[in-house]
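**Q** Coordinates for the following, if possible.
(2 chains, ligands or ions: 2)
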Amino acid sequence: MEQPEVVQVGTARKGESGGSFWRRLLQSREFGVFLALVGLVILMRFLTPYFWKPDNIFNVLRGMSTIGIMAIGQTMIIITGGIDLSVGSVLAASAMITARLMYTGVVSPWVAVLIGLGFGTLLGAINGLIITRVKVTPFIATLGMLSIARGLAYLLASGLQGTVASNVPMRDESVNFLGAGYIGPVPFPVIEMFVLVIVFSLFLRFTVLGRQIYAVGSNEQAARLSGVSSDMVKLFVYTITGTLAALSGIMTAGLLGTSATNAGTGTELDVIAAVVIGGASLAGGSGTIIGSIIGAAIMAVLRNAFVLLQFPIYMQTISIGLVIILAVAIDQIRRRSS
Amino acid sequence: MNQTGAEILRVEAVSKRYGGVHALEQVNFDLRYGEVHALVGENGAGKSTLIKVLGGIIPRNGGRVLFEGNEVDYQRPIEALHAGIAIIHQELSMMPSLNVIENMYMGRMPGRFGIVNWKDLERRTRQAMALIDLHVDPYAAVQDLTISQRQMIEIARALSVNAKLIIMDEPNSSLTQGESERLFAVIDSLKARGIAIIYVSHKIEEVLRISDRITVFRDGKYVGTVDREDATEQKIINMMVGRELDRTAISVPDKIGDVLLDVRDLSGPGFDKVNFAVRKGEIVAFSGLVGAGRSEVASAIFGARPFTDGEITFYGRPVRFKSPKHAIRAGIAMVQEDRKVLSLFMDMTIQRNITMAELPYMSKGVTSDGAERRLAQQMVRSLDIRLASLDDPVSSLSGGNQQKTVLSRWLATTPKLLILDEPTHGVDVGAKAEIYDLIRKLAAQGVGVMLISSELPEVLALAHRIVVMHEGRITGILDRADASEEALMAYATGIADDFAVPAEVSS
Ligand SMILES: Nc1ncnc2c1ncn2[C@@H]1O[C@H](COP(=O)(O)OP(=O)(O)OP(=O)(O)O)[C@@H](O)[C@H]1O
Ligand SMILES: [Mg+2]
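**A** Ligands and ions are numbered 1, 2, ... in the order given. Below is the predicted model:
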C-alpha cells in the first residue's frame, strides 16, 4: 500500500502511530478481564493442585458452555442497547418440545431437534417483533416472555389430559452427544462453544450487519438516518439469541438425559452477568463476544473454586455478586481517569 | 461589582496533552471585569480545550490559572460553577427527556431538605428566559424543542447562575439572526454589570463587533492578542491560518441540466403544499426562519419523516421512500442539522463514522478493512479533517472536525442528490471556503444540491436559486441575482408572498 497507515493532514502532530494496536489492546477492557481470569487461575493452581488437572479444566469449560453460548446472543443484544431476560425459559421450552417429540416418536430425533431449534428461534423472533413493532421496551417484552416460555415448558411437559410431569426423558445417543459427548478428552459442548464464539466474533467484526449492531446501540437515530434498518438489526439479534438458547436447552437435556421443566431457571442472570463482566455496557454500543466468554469463564472458575475448596455455597454466591460490581466499578474508575 | 477594568482571569503557560496530541501548548490568556474577550482559531486550535480546563471538566498538564487573583485548579465542574464561572458548551449538554426547568437546574436544584419548590423554580426559569426573550413551556421536554430553542436555554441557564465569568463556546451556532441579536444585547448588559465574557466563534465579523480584545490560537499554541481597534477581518484570519488565505472561490462553469427532483404539492406535519424542483448541477438554497418547515420537507424526501399528500419525482419516476435506507440506495444523501444527536456515533472510531452510510455498498455483506481505510483516508484528505489517527473515537475530534466527518460520510456515498442541513455548522472560515468549493465542484459534476442554511452569506455564495419558506409554506422562489437580505427577510417573515391563496376563495 502506498498510503501511510496514519493520515497526517494539515499540521502533522507527533502521534504515537506505531504500536497503537498494542496500546489499544493493552488498554482494552477485555484485556483487563483476561488478566483477572489468568490471576484467578494461577491462584487456584496454588490453592488446590486438583484444579489444574485436565479433567477439572474440561469440567469447568463444559459447565460454562451453555452460559457461554447464550452469552454470544446476549452480547449482541446488549450491544444494541437491549436485554433479553427470557433466555433461561426459552432454553427450557425448546428442550421440552424436542424431548416431547422424541418421546412420543412422531418424528425422528433429529427432526425433533430441528423443531426445537425452530421453536426457540420463533420465541426469539416474537421478542424481536414485540420490541420493534409494538415498541415495548426490551426489559418488559422479554420479562413477559420469561414467564410465557416457562409456562410453555410446563404445558409441553404435561399431557393434554393434564397429567403433570416435571421431566421428560430424552434418550437418543446421537442427539445427547450434543450435550454429553466427548471428542477425545474434550467434551463436545466445549467445542460447540468455541466454534460459535469464533463464528460470531468474526461475524460481528467483519460483516456489515455486525457493524450495524454496534451502530444501533451507539446512536439508533443516527443509524437509521445513515441507512441502517434498526428494526431489522434488532429482530436479528433477538431471533438468533432464541436459536442459541434453544441449542443450549437441547445440550442441557442431552447431558442429563432428560428435559426438566425447571431447566435454566435463573440462568438469564448468569448470562447477563458474564456479558457485563466482559465489558459490555448496558447503555449499548460496546462489548465483545470474547469479553463475555472471559466473563463467563471467571464465574465458572469461581464456582469450581468454591466447590474444590469446600467453602460454603453462600460464599460462592456472594463472591460472584462482588465480582460483577467490582468489574464494572473498576471500569468506571478507569474511564474517569483517562 | 465595580472593578471593571481589573483583571479577573489569568492563564499562564497552560498545556493539555491527549496521548501524543498537544491540544494546548503553553497558552496564555487574560481577561478583565466587564470585558468581552473573543477566542478564535481554526477547527482543532484548542479553544474548547482551554474552556474545559477552566471549567474543571478536564485536568491540565501544566501551567497556572489565576481567578480573581487566586491560583485555582478545579477538579469538578461544580467547583468552577460555585466560584462563579458559567459555561455555555459548544456541544449542547442537556438531558433530552427532562423538562426545561430540570435542565436549567441540573445538579444545583435548590430546595430545603431535598424538597424541590417547583413553583419557585418555574418562576426563576421564566425570569432567566425572559432575559433573552425566550418563550417556551418550562415543563416541555427538551427533546421536543428545536435546536435553536435548546441553545437559547443553554444561554438562559448560564445567565441564571449569577456568574462573574461567562464562557460562551460558539453560543449562537444554531441561532437565527434575530436570536443572535438578542444574545448580543444581553452580552452588552452583562458587560455593563462588570461581568467578564469569553466568546468563541468562527463568525469573525460578529467577533469584531462585540469583543474588546481578540486572542488567536493556532494548533494549540498562543499566537497573539489584538485590541478591537487594531483588528481587521483579514488580519485575524491571517493570524488564524498563519499565512495569507486565498479567498477567491474557484469558479466552475454552471452546467445545469434536466430536472432531477420534482416535488409537487407535498404536505405533511409541519409543511403544506410545497412545490419546487432541483435540476442536475443546480444548487437550490432553502431560506427561512427556524420552524419554517425546511428540515421537515427535506426529511420527508429522504424518507426520514412521513408525508401525507403530494408527489415526489426523482429521475422522472415517482418515489416514496419508506426509510432513509431506500433513499440512500436511490442516490440521495442528507447531512442532518444536529450532528451530536442525529449523526455521530460518539464511541465509534472516526473511520467507522465516515464509512457508515457507504459500507453496505462497498462490500457484499463482508467488510474490508483495507477498502474502508482507503475511503476514509480519501475523505479525510478532501475535507482536511484534522486528526491524530483514524482509529481514535470521533469524540476526540474538535467540534468543527466532527462536522467535517459528518459531511464526509455523505460525500463518500457519491450521491446524485445531496441534501445539506446547516452543513458548515461550527466549521472555521478557511475550511468553510474549501467546503463551498467542494459543493460547487460536485454540482458541476451534475449533482443536485438542496442547501438548507440560516447563513445568508452561505446561501449567496452557493445558491443558483433560493426557495424561501414561512410557516410550512413556500412564499417565494428567487434567482440569486434577485436575492438581497431585505427580499429574503420579507419572504421569510411572510410579509411578501408570491404564492398566497387569494383571500376571497376561502368561505
Ligand atoms: N478526548 C480527546 N482525545 C484526543 N484528542 C482530543 C480530545 N479532545 C480534543 N482533542 C484534540 O485536541 C485538539 C483541540 O481540540 P478543541 O476541541 O479544543 O478544538 P477547537 O479549537 O475547539 O476547535 P473547533 O473550532 O472545531 O471547535 C484537537 O486536535 C482535538 O482532536
Ligand atoms: Mg470547539
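
**Q** Tell me which helix or strand in chain A has the weakest average pLDDT.
**A** In chain A, no helix or strand scores lower on mean pLDDT, DSSP states H and E than helix A:20-27, which sits at a mean of 73.

**Q** Does that helix reach ligand 1?
**A** No - Helix A:20-27 lies out of reach of ligand 1 by Cβ under 6 Å from any ligand atom, never closer than 12.6 Å. (C-beta placed from N, C-alpha, C; glycine too.)

**Q** Mind exporting the C-alpha coordinates of that helix to PDB?
**A** Taking C-alpha atoms only, helix A:20-27 is exported to PDB below (Å, rounded to 0.1, in the frame of the first residue of the first chain):
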ATOM      1  CA  SER A  20      -1.100   1.900  18.600                       C
ATOM      2  CA  PHE A  21      -2.600  -1.500  18.000                       C
ATOM      3  CA  TRP A  22      -0.800  -2.900  21.000                       C
ATOM      4  CA  ARG A  23      -1.600   0.100  23.100                       C
ATOM      5  CA  ARG A  24      -5.300  -0.300  22.200                       C
ATOM      6  CA  LEU A  25      -5.200  -4.000  23.100                       C
ATOM      7  CA  LEU A  26      -3.500  -3.400  26.400                       C
ATOM      8  CA  GLN A  27      -6.000  -0.700  27.300                       C
END
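
**Q** Tell me the first helix or strand C-terminal of that helix.
**A** helix A:29-47 (DSSP states H and E).

**Q** Now do the SS call for the residue nearest the centre of chain B.
**A** With the centre of chain B defined as its mean C-alpha position, the nearest residue by Cα atoms, centre = their mean is B:His425, 3.3 Å away. At B:His425 the chain is in coil, as set by DSSP: H, G, I helix; E, B strand; the rest coil.

**Q** Dihedrals phi and psi, it?
**A** With angles defined as degrees, to the nearest 10, B:His425 sits at phi -50, psi 110.

**Q** quick one: it from chain A, how far?
**A** Counting by Cβ to the nearest Cβ, to the nearest Å, the gap from B:His425 to chain A is 15 Å.

**Q** State the distance from that residue to B:Leu342.
**A** 12 Å (Cβ to Cβ, to the nearest Å).

**Q** B:Ala483 too?
**A** 29 Å.

**Q** can you check A:Ile57 too?
**A** Where B:Leu342 is concerned, A:Ile57 sits at a distance of 50 Å (Cβ to Cβ).

**Q** Could you name the specific helix or strand carrying residue 194?
**A** Unless you meant another one, I'm taking chain A. With secondary structure defined by DSSP H and E, A:Phe194 is part of helix A:188-206.

**Q** that's the wrong chain, I meant chain B
**A** Using DSSP H and E, no helix or strand contains B:Gly194.

**Q** I figured it hits B:Gly34, correct?
**A** Yes - with contact defined as Cβ atoms under 8 Å, B:Gly194 reaches B:Gly34; the gap is 4.6 Å.

**Q** the more surrounded of these two?
**A** Neighbours per residue (other Cβ atoms under 10 Å in any protein chain shown) separate B:Gly194 from B:Gly34, with B:Gly34 holding more: 21 against 18.

**Q** The more buried one contacts B:Lys191, doesn't it?
**A** Yes - assessed by Cβ under 8 Å, B:Gly34 is found in contact with B:Lys191 at 5.3 Å.

**Q** how much space is there between A:Gly321 and A:Asp270?
**A** 12 Å.

**Q** Can you pick out the residue with more neighbours from these two?
**A** With neighbours defined as other Cβ under 10 Å, A:Gly321 and A:Asp270 compare such that A:Asp270 has more, 23 against 11.

**Q** Now that one: phi and psi?
**A** phi -60, psi -40.

**Q** For it, report the pLDDT, please.
**A** pLDDT recorded at A:Asp270 is 94.
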